[in-house]
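K.L.:
sequence first, predicted model second:
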Amino acid sequence: MAREILQAIVDGILVGGVYALMAVGLTLIFGVLDIINIAQGVLVILGAYLSYSLSTKAHIDLFVGLLITVPAMFIIGVVIHWAFIRRLRGSERTSMTLLVTYAVALIIEGILYKVYGANDVSLSASYTTSSVHIFGFYLPWIFIYGFILAVVLVLAIYALLYRTRFGRSVRATMQDETAARLVGIDVNRVAALTFGVGVGVTAVGGMLFGATNAFSPNSGYDLISRLLAIIILGGLGSVGGALIASVFMITLESVVTIWYPTWAIVVFYAALVLVLLIRPSGFFGRKAVRAQ
Amino acid sequence: MNESSRLERALKGGGLLALIGIAIAFPQVYTNPAVTNYGVFALIYVTVASAWNIFSGNTGYISLGQAVFYGTGAYTMGVAARDWHMTGTGVFALLPLCGAVGAAIAVPLGLTALRVRRHTFIVITIAFFFIFQLMAFNLSFTGGSSGLSSPFLSWPAATYNTPFYYIALAYAAGTIAIAWLVRRSRFGLQLRAIRDDEDRARGLGVKAMRVKLAAWVISGAITAMIGAVWFYYINQVEPQTGFDPLFDLTIVLMAFLGGYGSIAGAVLGALIIEPLTLWLNTQPQLGGGSLNEILLGAIFLIVVLFVPRGIIPTGGEWITKLRTRGRPAVIPATTMGTPAAAESGTATSVTSAGWSAPTGKGSAR
């Protein structure tokens, strides 16, 4: 039994790393634009389908294919921001952006149904089916590769945020948009690029999700609700919080699955509600989030 | 009260009576079940959207979890009728029970969710929604993924829809009346004060939690009852139809299309969208579900981007502009100031644009 729990914890940490990557994109978008991108879940699925097309039609390796899908998703993100998000202003902006991104999600989902049909598919390669035996744990290669890639990308996002001029303007915008504008930061450009980066990482998240799960066009709902729970738990706009929350939540779910496979996801949301009862701003949330 | 406003009141009153007359006569004129089916669904959604509006439209807390109540009502009806072996029309006596169950679950959910605001609140309502859907799938008494069937009604097929039409009409009228009473009352003013600035409202002595919870419970109880009616009408509830994410979204779309926060807006939005989606579903050349979804999303985008305040407020503005030919009709003494202030004043007083709201009471500012 102890062995199963340990295995579940290891799995949870590895899968949690992938969720962390998707959640970081979502929480960054929130931090800079003050919106929740409901379409993030279906964008992950779109990324997965792009990888699927590349690997089945053009026989490009899943990881190599990311060189194409990441820029593609980045551009999709910038376009969504330019076409829809940028135009919204005023007192109802919060609810409006939610509705707009929900509508975008619906449209993308509808297109995916049209193109790929409603059947479950999954990504396959030599490393999605084989596993390795380390320290007595059976770990599929894809979990290990995926975890490494996710960690590298999250570190890269950290470096981008804390070591570059662009990152400084992103953080300035997150802290105070008006002040950032006053010191000469092009807030619209920062917002567009952040949205692009936030959506761009879904290409990687989607590929890894698709390689470890069967997916269909409506898998996005399940994903987005998990991601939302994660970023709320971590504290909206907190990158570190998103990392910790995703590993915590996915590990919790994975451990509960040993005993109650059907109830694991309920525990997942119940944990969210419980934490928010004690700390309404999440693990690392700014107090302001609640006062808004 | 001058001559023209008296005329306007008479016109509005007459219009309302005419609408009620049309609504009552509808199934007598169009007896085809395929047509009355549209009427039943439209009225169910008028009720649901108006109930949503009582809470979310007044407080500004957007709930994306109304399906929790809708599904709970349907399941309460199903489980109670099955376990107590009720059949026939007697089952309608269970409706108050369904409302009570809806209210009973609304209290703990509200006490939890209403502690947080804005995005966090929305996400919590989504989380509740998923918890309830999973419970419907996994609990032993809910019938799992095959769901529950309603007791059989031995009504003739030709007029089967008519009683449901009148029940739904009664619920729709009742909900609109409640919404109107709430809007006019001190309670409604407190709710809108919370929407405009919760901290200031609290500072002025509004018991924010109590007031929000009351609106939430009213909205939940109504939604649960109409959910039970819907279940009895379509004879079947499954976890994914009783607790449907698109349901949550559709209500919000209805309210925003008609005019967020206005009573007439929610009604109009429901009357436009529900028949439209029903009709789209019956058009095989449109490829069924997926194109339907794309269209719904596209309508949504068009509304939010081009008519962001909804049909009723924007339409009202156009009519005023036409009538006054560009001259300002009435110069409100209180909102005069810098152009920016006047503009934000109109933006926040969307609430006053419905036909039922006395002008000037819309915004608590």
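P.N.:
Nice, thanks for sending it over.

K.L.:
how long is stretch A:135-146 from one end to the other?
P.N.:
Using C-alpha to C-alpha, to the nearest Å, the end-to-end distance of stretch A:135-146 comes out at 19 Å.

K.L.:
that stretch: which residues count as buried?
P.N.:
A:Leu139, A:Pro140, A:Trp141, A:Ile142, A:Phe143, A:Tyr145, A:Gly146 (16 or more other C-beta atoms under 10 Å in any protein chain shown). All C-beta spots, glycine's among them, are computed from the backbone N, C-alpha and C.

K.L.:
what helix or strand is the fourth one on?
P.N.:
In the assignment (DSSP states H and E), A:Ile142 maps to helix A:141-163.

K.L.:
which secondary structure elements does that helix contact?
P.N.:
In terms of contacts (3 or more C-beta pairs under 8 Å, 6 or more residues apart in numbering or on different chains; DSSP states H and E), helix A:141-163 is packed against helix A:2-33, helix A:126-129, strand A:131-134, helix A:165-175, helix A:187-212, helix A:239-259.

K.L.:
which residues touch that helix?
P.N.:
The contact list for helix A:141-163 (C-beta atoms under 8 Å, 6 or more residues apart in numbering or on different chains) reads A:11, A:13-15, A:17-18, A:20-21, A:24, A:28, A:63, A:125, A:127-128, A:130-132, A:166-167, A:170-171, A:197, A:201, A:204-205, A:208, A:211-212, A:239, A:243.

K.L.:
returning to that earlier point: nearest to A:Ser95, out of the helices and strands packed on helix A:141-163?
P.N.:
Taking C-beta to C-beta, helix A:2-33 is the member of the helices and strands packed on helix A:141-163 nearest to A:Ser95, at 14.4 Å.

K.L.:
so for the helix or strand following the closest one, what's the average pLDDT?
P.N.:
Once helix A:2-33 ends, the next helix or strand along the chain (criterion: DSSP H and E) is helix A:40-57. Averaged across helix A:40-57, pLDDT comes to 90.

K.L.:
repeat that for stretch A:132-146.
P.N.:
Mean predicted confidence for stretch A:132-146 is 79.

K.L.:
same thing with stretch B:182-202?
P.N.:
On average, stretch B:182-202 scores 86.

K.L.:
what does stretch B:11-21 give?
P.N.:
82.

K.L.:
stretch B:240-260 now?
P.N.:
82.

K.L.:
so does it get close to chain A?
P.N.:
Yes - using C-beta under 8 Å from any C-beta of the partner chain, we find that stretch B:240-260 touches chain A at B:Pro245, B:Leu249, B:Val252, B:Leu253, B:Phe256, B:Tyr260.

K.L.:
ok so, going back, filter the contacts of helix A:141-163 down to the buried ones.
P.N.:
A:11, A:13-15, A:17-18, A:20-21, A:24, A:28, A:63, A:127-128, A:166-167, A:170, A:197, A:201, A:204-205, A:208, A:211-212, A:239, A:243.

K.L.:
any low-confidence regions in the chain?
P.N.:
Looking at chain A here, since you left the chain open. Along chain A, the parts satisfying pLDDT under 70 run over A:90-92, A:282, A:285-292.

K.L.:
that's the wrong chain, I wanted chain B
P.N.:
Checking chain B against pLDDT under 70 turns up B:1-4, B:284-290, B:325-365.

K.L.:
nearest to B:Trp52, of the helices and strands packed on helix A:141-163?
P.N.:
helix A:2-33 (24.6 Å).

K.L.:
run the chain-centre distance for the closest one.
P.N.:
The chain centroid and the centroid of helix A:2-33 are separated by 9 Å under C-alpha atoms, centre = their mean, to the nearest Å.

K.L.:
on that earlier part again, quick one: the helix holding A:Ile142 to helix A:239-259, angle?
P.N.:
160 degrees (axes from the mean of the first three to the mean of the last three C-alpha atoms, to 10 degrees).
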